[in-house]
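**Q** Kindly generate the corresponding structure for this input.
(2 chains)
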Amino acid sequence: MIEDNNHLNFSFSGTAGAFFGIWIVNILLTILTLGIYTPWAKVRTNRYFYGHTNVAGSNFDYLASPITILKGYLIAVAIFIVYTVVSVLAPGFEIIFFILLMIALPFIIVRAMAFRLRNTAYRNLRFRFDRQYGQAAWVYLGIGILIPLTLGLILPYFAYRTNKFLIANAGYGKSRFSLQCGAGDFYKIYLIALGILIGAGIIVAVVMMPVMKTVMEQAAQSGVEPDPAAMGAAMAGLPALIYFLVLLVYFGVFIFIRTAIANLVWNNITLDGGHRFESSLKLGRMAWIIFSNMVVILLSLGLMIPWARVRMVRYRMDTLVLIPGGDLDTFIKAKAEEESALGEEMGDVFDMDIGGIG
Amino acid sequence: VNVEVIWYDGKTSRVYEASLDFSETGFVRLITDNISLRYAIDSISVAEPVGNLKPKIYFPDGSNCELSDLSAIRPYLPKTSELFEFIHRCESKVIYAAGVAVLAVGVFAFMILYAVPEMARQIANQIPPALEQTLGRQLLDTLDHLVFEESKLPLDRQEQLSASFLKSIDSMNSTVDYRILFRSSPKMGANALALPSGIIIFTDEIVELADSDEALIGVLAHEVGHIEHRHSIRHVLQDSVVALLLVTITGDISSISSIGAALPTLMVQLKFSREFETEADDFAIRYLQDNNISTEPLLKLLKSLDSKYDEEDTGISNYFSSHPATIERIKKLKRR
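**A** Got it, this is the predicted structure:
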């Protein structure tokens, strides 16, 4: 890839071997401590991945304190235990719990994003996320609830609004990110996905129907009573084959949507000062990596998970470019109150991974 | 002593080429082209090492620096935690990491094959009867809602079977208060189930499939075996813990590739299920033997239950089955 002052390639310098060591030690200590080590494991893993993600000669840094994460985990575990006990003793409570969880969801998403971004730094300058709870409630609950009501027609719009929400509230130092594309671009992606689904359906029908018909005709022409075992096998095999093809198509469409949205979003993110990004993930390569990772993880009984993970991240970074709009040395720190408004000890308890760009 | 570093001031994204100077005891001096800063050694901290990540030093004013090698200045720096130094050695040295891998696999196998089943057994024995009754009732409600219909067996047949079953159970010297129920279930077919707190359900289909009541007594003894060994509660406990264990491994891969790890989980859970079935079979065999009841009718019923019954079936598919292979179960019954 071209690397000049106008195109700064992201790169990932971690290796599967080195990450395997971190990963296996994390697992052993997590089991031996009955899960208490989990936050330390998470911090070490993130520090490794962030620290090996480079652009413009510098790397990222993950700064979260394991103790803060541990507090959050303990609260989450406590909630889960209360839920389990109450649902056994007072069935029917699950629904109330589910509703409460739904109401809390926007809050949780905002806290988690704020925690993650505030603990991400590049060149010792932290990212940040504005705590717009009202906006989160509107996007995730208000629009989210319309998805089933509109039979999914609003799904691309929902994808657009959630991505826009996550990006427009993010910042690096004092500078803000924004998303330039519109809902139409998301509709285009989902329309193509729908087209692929319909097209694949037609192809399956066109190809499979004559095959089935031939089998039937041959059976009829042969005159003799068809072997019931063979017929049974053919009858059982055909739906299995169709089922497999359908699964394959869904898998493909799912990866297409993810890849296309990742490219779309990255290509339309701007950072104050005219900085832009360019993402060129290829659908075929993504599908291959995801599929082969799955097979390798399966065959290695999980031992190749570090390899699979490094491979995926490396490809994503290899296809990401920063197009600076000016000097990268001039970002400045946000004022303290902008960076962390509410007390940290209240625990950014809900440290969880939010889907989105990623 | 002097080392070259990259310094970040913590206020801007500027990259400074700088050097650290340790010539003054108890202090470190950071020098760039036009800045010179002095920090007390006690006030700086060194990042815990992770993998092959470059070392980092944090200063009290929020600035930090990165350098390629710490070894030259290590004597001047505050000590990092011994524990994390050791953890880092385990991560980064191939021999150590290999040792940890072997240990992890061993611990994992021990947990799944021994510790988790044993813990589940202990906990299951501590469950208060009231809780067990609630669980049993709930489960029955759910099953009635999802898969069961009212039994179509004549009432006197139900009563006759119930009476004969309860009489058999009486001879087992159990402390559990058993309840026998009949349900029709086209969805489930011929089957019998044991729920917590001593509820045993026979489907109409299995009652009709059985040639004799003796075969059903065999089935009953199998289900009583499930209840006496508290299998349903142990099953739930074991499955959840194993799922939790496997999530610790795969938890942080947020990609669909992690589906690859769902299969081992399923295989372990099926292994538990097969073990419980074997345990219940053993219970039934012992009961039948002790009471001089032939195992032949149960054997025949098992054969007709398994429509795909195959004398040669000992292949890989056994690892994906919730029950032991019928051939294995029959062999066992025949041996007695």
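**Q** C-alpha from now on. contacts and neighbour counts both.
**A** Fine.
**Q** Close to chain A: what parts of the stretch 1-150 of chain B are there?
**A** Applying the criterion CA under 8 Å from any CA of the partner chain, the portion of the stretch 1-150 of chain B that neighbours chain A consists of B:8-15, B:50-53, B:63-64, B:87, B:90-94, B:97, B:100-101, B:103-104, B:107-108, B:131, B:134-135.
**Q** Please report the distance of the residue nearest to residue A:130 when sequence neighbours are not counted from residue A:278.
**A** With CA to CA, 6 or more residues apart in numbering or on different chains as the criterion, residue A:130 has its nearest non-adjacent residue at 5.2 Å, and that residue is residue A:169. Here residue A:169 is placed at a distance of 20 Å from residue A:278 (CA to CA, to the nearest Å).
**Q** Looking at the closest residue in space to residue B:108 that isn't next to it in sequence now. What's its pLDDT?
**A** Leaving out its chain neighbours, the residue that sits closest to residue B:108 by CA to CA, 6+ apart is residue A:31, at 8.0 Å. In this prediction, residue A:31 carries a pLDDT score of 86.
**Q** just checking, next helix/strand downstream of the helix or strand encompassing residue A:31?
**A** Per DSSP states H and E, residue A:31 falls inside helix A:16-32. Scanning forward in sequence from helix A:16-32 by DSSP H and E, the next helix or strand is helix A:38-51.
**Q** That following helix - contacts with which helices or strands?
**A** With contacts taken as 3 or more CA pairs under 8 Å, 6 or more residues apart in numbering or on different chains; DSSP states H and E, helix A:38-51 sits against helix A:16-32, strand A:58-62, helix A:66-89.
**Q** and of those, who's closest to residue A:46?
**A** strand A:58-62 (6.2 Å; CA to CA).
**Q** who's in contact with that closest one?
**A** Judged by CA atoms under 8 Å, 6 or more residues apart in numbering or on different chains, the contacts made with strand A:58-62 from elsewhere in the structure are A:43, A:46-47, A:50-54, A:119-124.
**Q** Alpha carbons of the helix or strand hosting residue B:166, in PDB - could you do that?
**A** Secondary structure assigned from DSSP H and E places residue B:166 in helix B:155-170. The C-alpha coordinates for helix B:155-170 follow below in PDB (Å, rounded to 0.1, in the frame of the first residue of the first chain):
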ATOM      1  CA  LEU B 155     -58.500 -43.900  33.800                       C
ATOM      2  CA  ASP B 156     -58.500 -47.400  35.300                       C
ATOM      3  CA  ARG B 157     -55.400 -48.300  33.300                       C
ATOM      4  CA  GLN B 158     -53.600 -45.200  34.700                       C
ATOM      5  CA  GLU B 159     -54.700 -46.100  38.200                       C
ATOM      6  CA  GLN B 160     -53.600 -49.700  37.900                       C
ATOM      7  CA  LEU B 161     -50.200 -48.700  36.500                       C
ATOM      8  CA  SER B 162     -49.700 -46.000  39.200                       C
ATOM      9  CA  ALA B 163     -50.600 -48.400  42.000                       C
ATOM     10  CA  SER B 164     -48.200 -51.000  40.600                       C
ATOM     11  CA  PHE B 165     -45.400 -48.400  40.100                       C
ATOM     12  CA  LEU B 166     -45.800 -47.000  43.600                       C
ATOM     13  CA  LYS B 167     -45.700 -50.500  45.000                       C
ATOM     14  CA  SER B 168     -42.400 -51.100  43.300                       C
ATOM     15  CA  ILE B 169     -41.100 -47.800  44.500                       C
ATOM     16  CA  ASP B 170     -42.100 -48.700  48.100                       C
END
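**Q** That one - what's its average pLDDT?
**A** Along helix B:155-170, the predicted confidence averages to a pLDDT of 90.
**Q** May I see the buried residues of the helix or strand following that helix?
**A** Next in sequence after helix B:155-170, counting helices and strands by DSSP H and E, comes strand B:179-184. Taking 16 or more other CA atoms under 10 Å in any protein chain shown as the neighbour-count basis, strand B:179-184 is seen to contain the buried residues B:180, B:182, B:183, B:184.
**Q** Pairing partners for strand B:179-184, with directions?
**A** According to DSSP bridges, strand B:179-184 has the following sheet partners: strand B:149-150 (antiparallel), strand B:199-203 (parallel).
**Q** Please compute how far the helix holding residue A:31 lies from its chain's middle.
**A** The chain centroid and the centroid of helix A:16-32 are separated by 23 Å under CA atoms, centre = their mean, to the nearest Å.
**Q** next one: stretch B:134-147
**A** Distance of stretch B:134-147 from its chain centroid, counting by CA atoms, centre = their mean, is 24 Å.
**Q** now do stretch B:163-170
**A** In terms of CA atoms, centre = their mean, the centre of stretch B:163-170 is set 36 Å apart from its chain centre.
**Q** What segments of the stretch 251-358 of chain A are helices?
**A** In chain order, the stretch 251-358 of chain A shows helices spanning A:283-299, A:305-318, A:336-339, with DSSP state H, counting those that start in this stretch as the criterion.
**Q** Determine which stretch of the ones you listed is the most buried.
**A** Here the criterion is mean neighbour count by mean count of other CA atoms under 10 Å in any protein chain shown, and of those the winner is helix A:305-318, at a mean of 20.
**Q** Next, see if that one gets close to chain B.
**A** Yes - for a cut-off given as CA under 8 Å from any CA, helix A:305-318 has contacts with chain B, namely A:305, A:309.
**Q** following the strand or helix carrying residue B:300, which helix or strand comes up?
**A** Residue B:300 is part of helix B:296-305, with elements assigned from DSSP H and E. Moving toward the C-terminus from helix B:296-305, the next helix or strand (DSSP H and E) is helix B:326-335.
**Q** Show me what that next one is packed against.
**A** Packed against helix B:326-335, as judged by 3+ CA pairs under 8 Å, 6+ apart, are the following elements: helix B:262-290, helix B:296-305.
**Q** in it, what's buried?
**A** B:326, B:327, B:329, B:330, B:333.
**Q** ok, back up a step: next, the buried residues of the helix holding residue A:31.
**A** Applying a neighbour-count criterion of 16+ other CA under 10 Å, one finds A:16-31 buried in helix A:16-32.
**Q** just stretch B:114-127 next, same as before
**A** Within stretch B:114-127, the residues that qualify as buried by neighbour count (16+ other CA under 10 Å) are B:116, B:117, B:120, B:121, B:124.
**Q** Which pLDDT value does the model give the last one?
**A** At residue B:124, the predicted lDDT confidence score is 88.
**Q** coming back round to it: residue B:40 is nearest to which of the strands paired with strand B:179-184?
**A** Residue B:40 lies closest, by CA to CA, to one member of these: strand B:199-203, at 72.6 Å.
**Q** tell me how far that closest one is from the chain's mean position?
**A** So, by CA atoms, centre = their mean, the centroid of strand B:199-203 is 27 Å from its chain's centroid.
**Q** what comes into contact with it?
**A** Contacts of strand B:199-203 with the rest of the structure, by CA under 8 Å, 6+ apart, involve B:136, B:151, B:178-185, B:189-194, B:220, B:223-224.
**Q** one more time with 10 Å, if that's ok
**A** Where contact means CA atoms under 10 Å, 6 or more residues apart in numbering or on different chains, the residues beyond strand B:199-203 that reach it are B:133, B:136-137, B:140, B:148-153, B:176-186, B:188-195, B:216, B:219-220, B:223-224, B:226-227.
**Q** what does stretch B:206-214 give?
**A** Under the contact criterion CA under 10 Å, 6+ apart, stretch B:206-214 has outside partners B:153, B:158, B:161, B:164-165, B:182, B:184-185, B:189-192, B:215-216, B:219-220, B:288, B:293-298, B:300-302, B:304-305.
**Q** Would you agree residue A:165 is in contact with residue A:139?
**A** Yes - under the criterion of CA atoms under 10 Å, residue A:165 lies in contact with residue A:139, with a separation of 7.7 Å.
**Q** Great, nothing more from me.
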